[in-house]
Structures are given as structure tokens and as C-alpha cells.
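A.B. asks: Okay, here's the prediction I keep looking at, along with the sequence it came from:
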Amino acid sequence: MTNTASSVTLSTSAAARIAAIAVRQAKPAILRLSVEGGGCSGFQYRFGLADAPEADDLVSETDGVQLLVDPVSIDLIAGAQVDYVESLGGSAFRVTNPIAASGCGCGSSFSV
């Protein structure tokens, strides 16, 4: 059974990018976001396409794209939004995490 992770969301630009990647890789439009120890600030975000939600995943949906978060990671990213940004420096998924006390310059790791 899945729960709704209304506190972790995808922006419309992130949902569009995930949908495009999923089509190219012939996979469902499902992104798994997890938090692992490591990175230059203590914790780091991990992104990957998933085939289906796990029984205990928290699920949020934007424009038909699902965002999955495991119950352990949700405590570290509650209230976060995943966005996709393009700039002169490149393009990347960015997590705006209100729980993070600090982060690294590249935006892929944080501390609480």
C-alpha cells in the first residue's frame, strides 16, 4: 500500500524532464528520491527511475509522473520540492529542502 507524500513534490519542469527520460529509456515515469549518508555536507540525494512503488513508499504525483520516497528518507526531506533547472552551467535536478541547515555548492548534498 502506498501513502501520499504531499509534503515532497515535483515541479512541472521536473515532471516533464522525468517523463522525457522515461520515454527514452522505455520505463515508467516514476522517479525514486532517497537520501544516503555521504557527500561533502553529510547527506546526499539519490535519484533513479523505478519500475513500480514499493509497499511502504510515499508517493506524490505531478502531471502523471510519480515521485517515490522511502519512509526513512522522508524524515530528512519533508516539505521539499524537486525541480529541474537549466542554466549556462548545465542542467540538473535540484532539491529545495526546508529541513537542510546547509548544503554544498553543487546542491547534491546537505546537512541537518
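C.D. replies: Perfect, thanks for sending it. Numbering: from 1, shown residues only.
A.B. asks: Work out for me the element the residue nearest the centre of the chain sits within.
C.D. replies: Residue closest to the average C-alpha location in the chain (Cα atoms, centre = their mean): residue 33, at 3.9 Å. For residue 33, the element it lies in under DSSP states H and E is strand 30-37.
A.B. asks: Please report how far the residue nearest to the centre of the chain lies from residue 90.
C.D. replies: 20 Å (Cβ to Cβ, to the nearest Å). (C-beta placed from N, C-alpha, C; glycine too.)
A.B. asks: Next up, the contacts around the residue nearest to the centre of the chain.
C.D. replies: Going by Cβ atoms under 8 Å, 6 or more residues apart in numbering, residue 33 touches 8, 45-47, 67-69, 73, 77, 82, 95.
A.B. asks: Give me the sheet partners of the strand holding residue 33 and which way each runs.
C.D. replies: Applying DSSP bridges to the sheet, strand 30-37 is found paired with strand 43-49 (antiparallel), strand 65-69 (parallel).
A.B. asks: got the ones you listed as TSV, with mean pLDDT columns?
C.D. replies: Converted to TSV, the strands paired with strand 30-37 look like this (pLDDT from 0 to 100):
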stretch	mean pLDDT
strand 43-49	90
strand 65-69	96
